[in-house]
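# requesting a structural model of the entry that follows:
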Amino acid sequence: MHITTIALIISIIGLISSFFLVGIIPSLVSFIMGIKLLIEERSIDIVRIIAISFAGILLPIVMYLNTFGLHLPDRDDSGKNFYQRIMINNYSNLGVGLGLIEESEPETVQAEENTDAPVSEDDEIVYYSNTDPAPAPEDKPSENLPAIFESLDSISASERNKGGIISIAPSDDDMPSYGGLPVGTMLIAQYFRSDDHNCNPVLVLQNKTGDFCRYECAFTARDKDGNSLATSEKTVEVVKDGNVFVFEGRFDKKELGGKNPDSFEFSITKRSPYEKDMSTQVSVYTAVDGSSAILTAENRSDVKVKVDAYVLFFDGTELVDCMWMIPQNTSQVCIEPGSLASIRGDAYYRFDRVETIYTAYEAVGE
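Take a look at the predicted model:
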């Protein structure tokens with residue numbers, strides 16, 4: 001077989017295997033052979049070998065940079081090795097098919113084994129945003145931090161509605177906000193609603209970390225000078241990778257001088273969960289009855305579960321109400337094995353549709 005044909009075959013094999021990272025070596029070999037042949041034969045056909053080989057060398061490098069940037073691989077608490085992390089990051093939709101992502105029990109076991117682990121530096125807030133185009137006051141801590149986006153309106157329509165996720169929509173008040181998100185946590189939508197007695201910032205987020213996570217959020221209402229007026233804290237016990245969840249800040253206007261704050265700050269952290277996720281063994285249905293929403297949860301497992309649900313009420317594209325609902329059929333605010341539980345919420349404003357987002361976990365000790 002002619003040396004040119006051999007070099008071409010090696011370059012093709014190298015390019016194909018480079019999609020799985022291992023092709024950089026045969027691609028490098030065929031690239032060197034191509035350069036040597038080009039010098040000796042000076043044929044334009046050799047350029048094809050060099051081009052294919054160069055692509056086979058470049059592809060693994062791009063995949064590495066896309067995962068780790070210009071740094072050495074950092075520590076990963078998920079237990080995934082160097083190769084798995086690169087493949088999952090570059091082929092996330094193929095992760096399950098390639099056997100790199102385990103969907104259920106193995107992840108649950110891993111999460112339970114790490115429940116006593118302290119919060120690592122990786123769990124701290126690293127991304128900051130200012131969703132209002134106006135600059136923050138000079139003494140606010142987020143002024144010089146990089147923005148991950150300038151406006152929610154900049155998110156494309158295809159991304160807004162991907163997987164049935166709630167869409168971006170205006171709320172009844174404009175409210176400047178800024179805050180931080182842990183790595184791998186996506187801000188899907190943000191709302192602010194206000195009435196005569198309360199005001200509520202609402203965040204819709206998605207866990208894209210690859211692991212089960214427990215999330216904690218602290219909202220801070222601030223005045224025009226950036227001073228803290230009041231705080232509101234909330235925890236979401238367990239969120240499976242890929243699932244959407246909600247944080248709602250609850251502020252009594254009596255604490256705010258009877259009016260809305262000038263801005264609010266949100267600070268979100270994540271850690272390993274203390275509870276076992278049960279979202280795959282719970283089904284939640286929401287029916288509209290006049291001005292009310294009836295939420296029913298079905299526990300198909302053999303243990304007691306607790307369901308935390310948020311029902312978002314919309315009038316057109318405007319969020320008019322947000323209700324936190326916990327269905328129960330026991331005195332311990334949970335649902336018995338193999339049973340149903342319902343809860344009714346009455347909306348005080350006109351709405352034409354609702355969207356429900358929930359999490360479910362084992363009710364340990366209940």
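
# helices of the chain, start to end?
3-18, 24-41, 45-68, 82-90, 105-113, 157-160 (DSSP state H).

# who's residue 271 bridged to?
residue 214 (DSSP bridges).

# any idea which of the helices of the chain scores lowest on pLDDT?
Of all the helices of the chain, mean pLDDT reaches its minimum on helix 105-113 (a mean of 36).

# if we can go back for a sec, wait, which of the helices of the chain is closest to residue 267?
Of all the helices of the chain, helix 105-113 sits nearest to residue 267, with 23.0 Å by Cβ to Cβ. (Glycine included, C-beta is placed from N, CA and C.)

# care to break the chain down by domain?
Here the domain parsing of the chain from automatic domain parsing is 1-101, 121-271, 279-362.

# identify whichever of the helices of the chain lies nearest to residue 296.
Taking Cβ to Cβ, helix 105-113 is the member of the helices of the chain nearest to residue 296, at 25.2 Å.

# thinking again about what came up before, in JSON lines, list the domains of the chain along with mean neighbour count.
Below are the domains of the chain laid out as JSON lines (neighbours: other Cβ atoms under 10 Å):
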{"stretch": "domain 1-101", "mean neighbour count": "16"}
{"stretch": "domain 121-271", "mean neighbour count": "17"}
{"stretch": "domain 279-362", "mean neighbour count": "17"}
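
# between those domains, which gets the lowest average pLDDT?
Among these, domain 121-271 scores lowest, with a mean of 72.

# all strands of the stretch 151-300 of the chain, in order?
Along the stretch 151-300 of the chain, the segments classed as strands by DSSP state E, counting those that start in this stretch run 177-181, 185-194, 198-207, 213-222, 228-239, 244-248, 251-252, 263-271, 282-289, 292-299.

# I'd say residue 50 and residue 38 touch.
Yes. Using Cβ atoms under 8 Å, residue 50 makes contact with residue 38 at a distance of 6.7 Å.

# show me what contacts the residue nearest to residue 323 when sequence neighbours are not counted?
Leaving aside its chain neighbours, residue 323 sits nearest to residue 345 (4.3 Å; criterion: Cβ to Cβ, 6 or more residues apart in numbering). Shown in contact with residue 345 (Cβ atoms under 8 Å, 6 or more residues apart in numbering): 292, 293, 294, 295, 311, 323, 325.

# pretty sure the fourth one sits against residue 343.
Yes. If you go by Cβ under 8 Å, residue 295 and residue 343 touch, sitting 5.4 Å apart.

# between these two, which contacts overlap?
325, 327.

# spatially nearest residue to residue 25 (excluding sequence neighbours)?
residue 14 (7.6 Å).

# residue 265 now?
That would be residue 220: by Cβ to Cβ, 6+ apart, it lies 4.4 Å from residue 265.

# likewise for residue 207?
Among residues not flanking residue 207 along the chain, residue 239 sits closest, at 4.4 Å (Cβ to Cβ, 6+ apart).

# need the contact list for that neighbour.
207, 212, 213, 214, 215, 245, 277, 359.

# if I look at residue 198, how far off is residue 257?
For residue 198, the distance to residue 257 equals 14 Å [Cβ to Cβ, to the nearest Å].
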